[in-house]
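K.L.:
Provide a 3D model corresponding to the input given below.
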Amino acid sequence: MIADPFTYYCGEEAVNRLVRFCAQGKQERFLLVSDRNTHGILGELVQRVLLEQGWDVICVTLEGEEVIADEEYLVQVLFRADSQARLYVAVGSGTITDITRFCSHRTGNPFVSLPTAPSVDGFASIIAPVVIRRFKDTAYAHAPLAIFADIDTLCNAPPAMIAAGFGDMLGKFTALADWKIAHLLTGEPYNPEIADRMQHALETCVENTQGIQRALPVGMVKLMDGLVESGVCMQLNGNSRPASGAEHHLAHYWEMKLLRQGRPAILHGAKVGIGTVLIAARYEQVRALSQAEVDKRLRQVELPDWEQAQAEIQRAYGAIAPRIAEEEQRYREMFTTDFSAFKKKISQHWDEIHQIATSVPSALRIIELLEQVNAPSGVREIGLSAEDEADALRDAHYLRSQFTITRLGNLLGMW
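P.N.:
Numbers count the residues shown, from 1 in each chain. I've put the predicted structure just below:
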């Protein structure tokens with residue numbers, strides 16, 4: 001649930017607002033989490049200001065070229081925690097926030113976030129994406145009590161991180177469409193008010209593309225507002241559905257593959273932006289189908305048997321295949337008892353599915369938006385190959401039991 005009250009500030013007085021917030025809440029003990037980069041950018045200032053108040057501060061500066069929210073870094077923070085009640089302070093972008101969110105929740109402490117880049121939409125989320133034994137999963141935790149974003153820090157963030165935040169926002173185009181289709185076909189709960197809030201935040205970011213590209217204060221405020229609003233929508237809905245769909249599954253697949261192969265990490269939002277291009281192209285393919293073509297495909301398609309699905313998952317995921325198979329089992333439970341009835345439902349609702357698909361911008365339009373902020377729009381731009389792209393499009397849907405456009409296309413025998 002959303003923290004009550006939830007405090008959010010983006011401007012020039014972020015650190016002073018933090019101090020005032022802590023004084024009003026009688027917070028005097030802290031555990032500050034940053035990494036080597038973000039400590040120099042903002043963490044050192046925050047530490048000094050807190051110490052100047054006479055407060056007790058444990059400072060955890062995570063070392064490493066690629067800090068990720070996995071067992072190694074989670075334990076580093078937990079090891080420094082003591083028996084005192086403390087306000088955890090995350091000074092960094094998405095990974096630092098997720099590490100702090102998880103560790104503060106598991107130790108029974110609240111936390112606040114001081115973003116150093118508008119790079120992801122998870123700052124206000126209740127979910128902490130973590131990597132356990134090289135499998136990326138979502139751990140339910142809690143939202144921050146407050147977010148204080150320093151506008152000068154955001155404007156001076158690396159352009160690639162700003163572009164990544166914009167890419168993460170563009171992913172809402174396909175995520176919202178996936179959510180609607182899942183509700184229509186599987187009865188998954190859908191909240192139109194939350195969807196409208198997410199859509200408005202997305203549109204506001206798109207309207208301010210130029211300011212975001214130039215890292216102007218007004219652009220950074222609008223992007224940060226959108227990213228925080230995305231997290232709030234996830235809080236309200238109780239899961240990531242308003243903000244994450246098939247485009248995120250591609251991003252998660254690539255992240256896990258890179259981890260398994262020991263390859264360099266890639267910014268989450270950069271992967272999501274490219275994933276959005278690929279899934280928008282899937283939506284174009286689906287909306288090109290006529291009712292007659294859909295019915296013909298539905299007559300011909302049969303649900304692959306469980307042994308075949310398991311073999312495909314084993315081929316794609318190796319050692320972590322058993323964990324992936326659990327998600328596939330949950331997905332298949334939605335319609336395996338009467339697959340014919342489910343296919344009939346697709347046919348009956350095709351006009352509505354087509355309308356939803358039409359609401360998604362074309363892949364070319366997504367590429368244009370990404371290029372306007374100098375964000376990558378194809379896999380080769382981020383060091384992935386055509387094989388990486390093909391593998392993700394074929395196998396990423398297994399990662400989550402959610403119904404998406406990828407799942408629909410598979411049932412229609414489209415790819």
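K.L.:
name the nearest residue to G318, ignoring sequence neighbours.
P.N.:
Excluding its sequence neighbours, the residue lying closest to G318 (CB to CB, 6 or more residues apart in numbering) is R260, at 7.4 Å. Quick note: C-beta positions are derived from backbone N, CA and C, even for glycine.
K.L.:
that neighbour touches A321, doesn't it?
P.N.:
No. Using CB atoms under 8 Å, R260 is not in contact with A321, being 12.0 Å away.
K.L.:
so what does the one helix or strand in the chain whose mean pLDDT sits lowest touch, helix or strand wise?
P.N.:
The weakest-scoring helix or strand in the chain, judged by mean pLDDT, DSSP states H and E, is strand 135-140 (a mean of 84). Under the contact definition 3 or more CB pairs under 8 Å, 6 or more residues apart in numbering; DSSP states H and E, strand 135-140 sits against strand 127-132, helix 246-261.
K.L.:
tell me the buried residues in that strand?
P.N.:
Neighbour counts over strand 135-140 (16 or more other CB atoms under 10 Å) mark F135, K136, T138, A139 as buried.
K.L.:
quick one: it to helix 246-261, angle?
P.N.:
Inter-element angle recorded for strand 135-140 and helix 246-261: 130 degrees (by axes from the mean of the first three to the mean of the last three CA atoms, to 10 degrees).
K.L.:
what lies in contact with strand 135-140?
P.N.:
Outside strand 135-140, the residues that touch it by CB atoms under 8 Å, 6 or more residues apart in numbering are 102, 126-131, 240, 252, 255-256, 259, 320, 323.
K.L.:
CA atoms only: put that strand into PDB for me.
P.N.:
Extracted in PDB, the C-alpha atoms of strand 135-140 (Å, rounded to 0.1, in the frame of the first residue of the first chain):
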ATOM      1  CA  PHE A 135      17.200 -15.800 -11.600                       C
ATOM      2  CA  LYS A 136      15.600 -12.300 -11.700                       C
ATOM      3  CA  ASP A 137      12.500 -12.400  -9.500                       C
ATOM      4  CA  THR A 138      10.200  -9.800  -7.800                       C
ATOM      5  CA  ALA A 139      10.300  -9.600  -4.100                       C
ATOM      6  CA  TYR A 140       7.400  -7.800  -2.400                       C
END
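K.L.:
just the CA coordinates for the helix or strand that that strand is followed by, please, in PDB.
P.N.:
Next helix or strand after strand 135-140 toward the C-terminus (DSSP states H and E): strand 146-150. Extracted C-alpha coordinates of strand 146-150, given in PDB (Å, rounded to 0.1, in the frame of the first residue of the first chain):
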ATOM      1  CA  ALA A 146       9.400   9.800   0.900                       C
ATOM      2  CA  ILE A 147      11.300  10.600  -2.300                       C
ATOM      3  CA  PHE A 148      13.500  13.700  -2.500                       C
ATOM      4  CA  ALA A 149      15.000  14.300  -5.900                       C
ATOM      5  CA  ASP A 150      17.600  17.000  -6.300                       C
END
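K.L.:
for strand 146-150, packing partners?
P.N.:
strand 7-11, helix 14-24, strand 111-115.
K.L.:
residues of the longest one that come out buried?
P.N.:
Neighbour counts over helix 14-24 (16+ other CB under 10 Å) mark A14, V15, R17, L18, V19, F21, C22 as buried.
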